[in-house]
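Chemist: Structure for this input, please:
(2 chains)
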Amino acid sequence: MSLFNDIAGHWIDGAVRTLGAIGRGFGSDISADAAPVTPYDVIYKGGKVSLRHYRARNRIHATPIVLVYALIKRPFILDLQPGKSVIETLLKQGFDVYLTDWIPPTREDAWRGFDAYVNQDLDNAIRAVQTAENVAQVHLIGYCLGALLSLIYTSLHQQNVRNLITVAAPFDMSGRDLPIYHLMDRIDESAIELITRIHGNCPAWMVNSMFTAMSPTHHALDKFVGLYRNAERDGYAEMFDLFERWMSSDVPLAGRLFTELTGDIFKRNLMAKGEFKVGGRVADVKQITCPLLNVIGEMDDVVHPKSSLPLSEKVGSADRRNLTFPTGHIGVAVSAGALKKMWPEMGAWLADRGQVGN
Amino acid sequence: MSKQKSPIMDDLGKLIEATWIDLPAAAARRLTTGDDKGAVHEAGWKAYDALVRISNEASNALYTNRAFGEVAGRGIGLALRMRRVGDAVAAAVFGNLWPAIGLPTGSEIQALRNDVRALSGDVEALREEVRTASVQASQRIEERERSEDRATIDRGYAAVRSAESQGATPAMVWNGFKPAAPRKSRRGKNSVAL
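Modeler: You can find the predicted model right below:
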């Protein structure tokens, strides 16, 4: 009966974790983050961003990387374990890395939309890097919603970006290739507006529910069975715990950003149409002229590959490329294959197009 | 013309195969030979995997179903509207009642939250000040200790120099650890009592 006992034990552990998450409204604060693997300094804090600086031991490249993380969940997924860290991989390639650690918005931040996040917070963070490093341009890497922020930023502030890499970018939302997209389509905009009127922001538990709804069987049962089946694998249980911690590290989405994201980006597809206005200016990706590497997870079931693929066709850059990799949405950040092959390839792509020096 | 099988039918086929053919066959083999436990497990996991895939496909089919989407979409909208109405009614009905029975209103709680937030900011600032002061204090202590050490060493050297000037060897007056005051010369003595 060990099989049923073990699985039931894992399931109960998971249920206790979920209850704990419900108790705090699924909202995660910075103090609940997993311990950082790579040491860093915070070089700038303002608005809703805290900018971390990770230093390479043997720095080769003069142009630093600014890694723009998503506004959903906490960023420790990018620095999870020694040997399983995107940050560590980039540092080993001789880049200094700056990471945007987005501070969870409170009810008072409901007014914050893409304008506040891109034209204030991200712009200030990049200015801090330019000042600290004495450089005119940075390499920008955006992951998931961070890729969307990077796209908008580069469209509006191209002069500050030397090279742009988008990873799992939600760009063209015209397709309804994922089942959850159909469901989201049916929620009308008045309901979206009600969410922000009642809660101010989109609460963390709603963000969590959306992720759970994408694969209910996995979250209710299969992941615990998976833990039982892989219990013998070295480091699997430890990784499972860290991963679960990250999965329940949801943060609210600022009210205005949430309405812009669901209405303008998802329903009306204004970003792909080149009509999305941010702070009174149109963020058209045609204005992006720097080299672009568009990284896509072939098995991405959060941002469908069809949503990211058209990006390279739409930008104004002469040097543009799609890099597809056989992994999922989270796999691009944590899978051994991605860390061993995909991120080094991205580093090499940047190195070819950057300045060498100290 | 060949018809393409839907994934859910494919997985149903696998589930039936695993539960009706593989699992009984493996169980029978285990009963007769008594040593083929692995085959039973394998067939069991095959059935489980097929079941999980069917469940996933079923939820996907549900999400893409227009009728379900309509119901879910309207349900969410309705739930939110009800919540809003509920909040408004509660505010109207209990708004005057709560203060009467001594309970705080929403705006009072909000004001309290703001106060707590401000206080927490003050505490954080104070903690930072204490941290800075503590670092500065320990630096000052270290500096003072260093300067005291230096003075002690200087006194030791002075003692050595003074002793040397009186004809004594440094080893006699300074052992390297505790510099002593210079000894007076023992001109009147010929021997040392031990």
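Chemist: And the residue of the stretch 51-200 of chain A closest to chain B?
Modeler: Nearest residue of the stretch 51-200 of chain A to chain B: residue A:186, at 3.1 Å (CB to the nearest CB). Where C-beta positions appear, they are placed from N, C-alpha and C, glycine not excepted.
Chemist: Would you pull up the residue in the stretch 251-358 of chain A closest to chain B?
Modeler: For the stretch 251-358 of chain A, CB to the nearest CB, closest residue to chain B: residue A:301, 10.0 Å.
Chemist: ok, now which ones touch the closest residue to residue A:270 other than its chain neighbours?
Modeler: Nearest residue to residue A:270, sequence neighbours excluded (CB to CB, 6 or more residues apart in numbering or on different chains): residue A:276, at 4.0 Å. Neighbour list for residue A:276: A:114, A:152, A:264-265, A:270, A:282-284 [criterion: CB atoms under 8 Å, 6 or more residues apart in numbering or on different chains].
Chemist: Kindly write the ChimeraX command that selects the buried subset of those.
Modeler: The buried residues among the contacts of residue A:276 can be selected in ChimeraX (16 or more other CB atoms under 10 Å in any protein chain shown) with this line:
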select /A:114,152,264,265,270,283,284
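Chemist: Which members of the contacts of residue A:276 are positioned in helices?
Modeler: A:114, A:152, A:270 (DSSP state H).
Chemist: Grab the nearest non-local neighbour of the first one.
Modeler: For residue A:114, the nearest residue in space outside its immediate sequence neighbours is residue A:278; the separation is 4.8 Å by CB to CB, 6+ apart.
Chemist: Check that neighbour and give its pLDDT.
Modeler: Looking at residue A:278, its pLDDT is 96.
Chemist: How about residue B:4?
Modeler: 58.
Chemist: elements contacting the longest helix along chain A?
Modeler: Longest helix of chain A, by residue count under DSSP H: helix A:2-23. Counting contacts by 3 or more CB pairs under 8 Å, 6 or more residues apart in numbering or on different chains; DSSP states H and E, helix A:2-23 packs against helix A:223-229.
Chemist: in the stretch 251-358 of chain A, which ranges drop under the pLDDT threshold?
Modeler: The stretch 251-358 of chain A contains residues with pLDDT under 70 at A:355-358.
Chemist: Regarding the residue sitting nearest the centre point of chain B, which helix or strand does it belong to?
Modeler: For chain B, residue B:124 is the residue whose C-alpha lies nearest the centre (CA atoms, centre = their mean; 19.4 Å). Using DSSP states H and E, residue B:124 sits within helix B:106-165.
Chemist: if I read this right, residue A:138 contacts residue A:62, doesn't it?
Modeler: No - between residue A:138 and residue A:62 there is no contact under CB atoms under 8 Å: 10.7 Å.
Chemist: out of the two, which sits in the busier spot?
Modeler: Each of residue A:138 and residue A:62 has its neighbours counted (other CB atoms under 10 Å in any protein chain shown); residue A:138 has more, 21 against 15.
Chemist: List the residues that contact that one.
Modeler: By CB under 8 Å, 6+ apart, the residues touching residue A:138 are A:63-66, A:98, A:126, A:129-130, A:160-162.
Chemist: go with 6 Å
Modeler: Residue A:138 is in contact with A:64, A:66, A:129, counting by CB atoms under 6 Å, 6 or more residues apart in numbering or on different chains.
Chemist: Not counting sequence-adjacent ones, nearest residue to the first one?
Modeler: In other words, residue A:64. Nearest one to residue A:64, counting by CB to CB, 6+ apart, is residue A:96 at 4.4 Å.
Chemist: Look up how far residue B:118 lies from the one you found.
Modeler: According to CB to CB, to the nearest Å, residue A:96 and residue B:118 sit 37 Å apart.
Chemist: What does the pLDDT read for residue B:41?
Modeler: Looking at residue B:41, its pLDDT stands at 82.
Chemist: can you list the residues of the stretch 1-150 of chain A near chain B?
Modeler: By CB under 6 Å from any CB of the partner chain, no residue of the stretch 1-150 of chain A approaches chain B.
Chemist: So which residues of the stretch 1-150 of chain A form strands?
Modeler: All strands of the stretch 1-150 of chain A, identified by DSSP state E, counting those that start in this stretch, fall at A:41-46, A:49-54, A:65-68, A:79-81, A:84-85, A:97-102, A:138-143.
Chemist: Any chance of those in a markdown table with mean pLDDT and distance to residue B:93 as columns?
Modeler: Formatted as a markdown table, the strands of the stretch 1-150 of chain A follow (pLDDT from 0 to 100; distance: least, CB to CB, whole Å):
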| stretch | mean pLDDT | distance to residue B:93 |
| --- | --- | --- |
| strand A:41-46 | 96 | 43 |
| strand A:49-54 | 97 | 42 |
| strand A:65-68 | 98 | 47 |
| strand A:79-81 | 92 | 50 |
| strand A:84-85 | 93 | 54 |
| strand A:97-102 | 97 | 39 |
| strand A:138-143 | 98 | 48 |
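Chemist: Which of the ones you listed sits closest to residue B:157?
Modeler: strand A:41-46 (43.2 Å; CB to CB).
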